[in-house]
Structures are given as structure tokens and as C-alpha cells.
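K.L.:
With the input below, show me the fold.
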Amino acid sequence: MRRAGPVFLIILLSTVTVLSLPPTEYQVKAALVFNFLRFVDLPAHRIFNNKIHLCSFENNPLSQELKLLDNRQIGENRIVYMELKEDNLEKCSVFIVNRRGKEELNSLLEKVYQMGILTISDIDGFGELGVVINMFLQDEKVKYEINLDAADKTGVKISSRLLAIARIIQKKK
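P.N.:
This next block holds a predicted model:
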């Protein structure tokens, strides 16, 4: 019987090392996006033939990880990831908002509110500016906030399970 040689041991140790690496910030954020989709009810007209179209603009730092969500199932619906070159949001169910100017963001949000598209971002302050779910870093952990007014405007229903651990943004009435 042959013994495992040093090359085998190096490969085994390097594999164990790779497998034990903690997830990156963007891997955590993509996993959160997937879980957000499990705990929201999108307006029925935003689900296309049992497909949830997850959209973002090109050059979004989160794109590489979001691509891994393509073809994943959420109940009876399948996620379809789409990278957009321009504000062609008609086919989107969910839009990942990346860096934009405040004026441009306001215009984009007015469109998505009317269309019933869930917005998710990871840009500081975007939750308060009207994005429905906004991820942020606190104590080196990814957390999220939910803007209830923005959710109402889009017609997205958010599970109490998601709300229970979120920071809530809501204007006082």
C-alpha cells in the first residue's frame, strides 16, 4: 500500500485553508439579498412567469456575487439575474441600487415606486433617501435597515421575521 506523499498533503492542507476562509463582505450581502427575497411578497405583476428578475447596473461591486443567485429557487419562483446598461427597469422585480448622485437617485426611486419594484442597496444613507432595504456595516458586521414608507410606495409586503431584526426607518406621521 502506498503512503500519501507530500504533494497530496499540501493539496489537502491548501483545500482545508481555502474552505475555512470567512465569507467576504459581498458574499454576505448576496446571501442577505437571497434571504430578503425569501421574506418579502413582491407585487404579483413584478413576477414574470414564475421568475423574479434581480437587476443591477453594470459595474456594481456586488454583481459577481449576485450572478451566483441566478437560477436559485424561492418557493415556486426562480431568480433570473440581469445586468442593465441603462434605466430600462420594466422587466425588473428587484433592483440593486449602486452608487448614484442624490438627484439621479430621486428620479430612479420615483420610477420604481410607480412600477412596484423592490429596491435594495448597500450605500450609506440610501435607506433614509428612499431605498426599501439598505445594508450597512456596523462593528464589522453587515446589518440592514428597512424603509417602511418606501415599501408601502412600492406595494412590497415585508415579513415580520425580517422586520424583527432590522433597523426601521419610518417618517413620523
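K.L.:
what residue lies at the spatial centre of this structure?
P.N.:
Central residue of the chain (CA atoms, centre = their mean): residue 33, 3.1 Å from the mean position.
K.L.:
Just the strands from the protein, written as ranges.
P.N.:
Under the criterion DSSP state E, the chain contains strands at 40-41, 51-57, 73-74, 77-84, 94-97, 118-121, 133-138, 141-147, 157-158, 167-169.
K.L.:
As CSV, the ones you listed with mean pLDDT, mean neighbour count and distance to residue 63 would be great.
P.N.:
C-beta coordinates here come from the backbone N, C-alpha and C atoms, glycine included. Formatted as CSV, these follow (pLDDT from 0 to 100; neighbours: other CB atoms under 10 Å; distance: least, CB to CB, whole Å):
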stretch, mean pLDDT, mean neighbour count, distance to residue 63
strand 40-41, 98, 16, 21
strand 51-57, 95, 20, 6
strand 73-74, 96, 14, 19
strand 77-84, 96, 17, 6
strand 94-97, 95, 25, 8
strand 118-121, 97, 26, 13
strand 133-138, 96, 19, 15
strand 141-147, 96, 18, 17
strand 157-158, 98, 16, 24
strand 167-169, 96, 14, 25
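K.L.:
right, so of those, which gets closest to residue 108?
P.N.:
Nearest to residue 108, of all those, is strand 94-97, at 7.1 Å by CB to CB.
K.L.:
And for the residue nearest to the centre of the chain, nearest residue in space, chain neighbours not counted?
P.N.:
Using CB to CB, 6 or more residues apart in numbering and skipping the chain neighbours, the partner closest in space to residue 33 is residue 120 (6.0 Å).
K.L.:
So that neighbour versus residue 147, what's the distance?
P.N.:
Separation of residue 120 from residue 147 (CB to CB, to the nearest Å) stands at 11 Å.
K.L.:
shared neighbours, these two?
P.N.:
Residues touching both residue 120 and residue 147 (CB atoms under 8 Å, 6 or more residues apart in numbering): 131-134.
K.L.:
before we move on, back to that, for residue 23, which of the strands of the chain is the nearest?
P.N.:
Ranking the strands of the chain by proximity to residue 23 (CB to CB) places strand 141-147 first, at 9.7 Å.
K.L.:
contacts for the closest one?
P.N.:
By CB under 8 Å, 6+ apart, strand 141-147 touches 25, 28-29, 32, 36, 127-128, 130-137, 158, 162-163, 166-170.
K.L.:
quick one, it and strand 133-138 angle?
P.N.:
On the basis of axes from the mean of the first three to the mean of the last three CA atoms, to 10 degrees, strand 141-147 is oriented at 140 degrees to strand 133-138.
K.L.:
partners of strand 141-147 in the sheet?
P.N.:
Each strand paired with strand 141-147, and its direction, by DSSP bridges: strand 133-138 (antiparallel), strand 167-169 (parallel).
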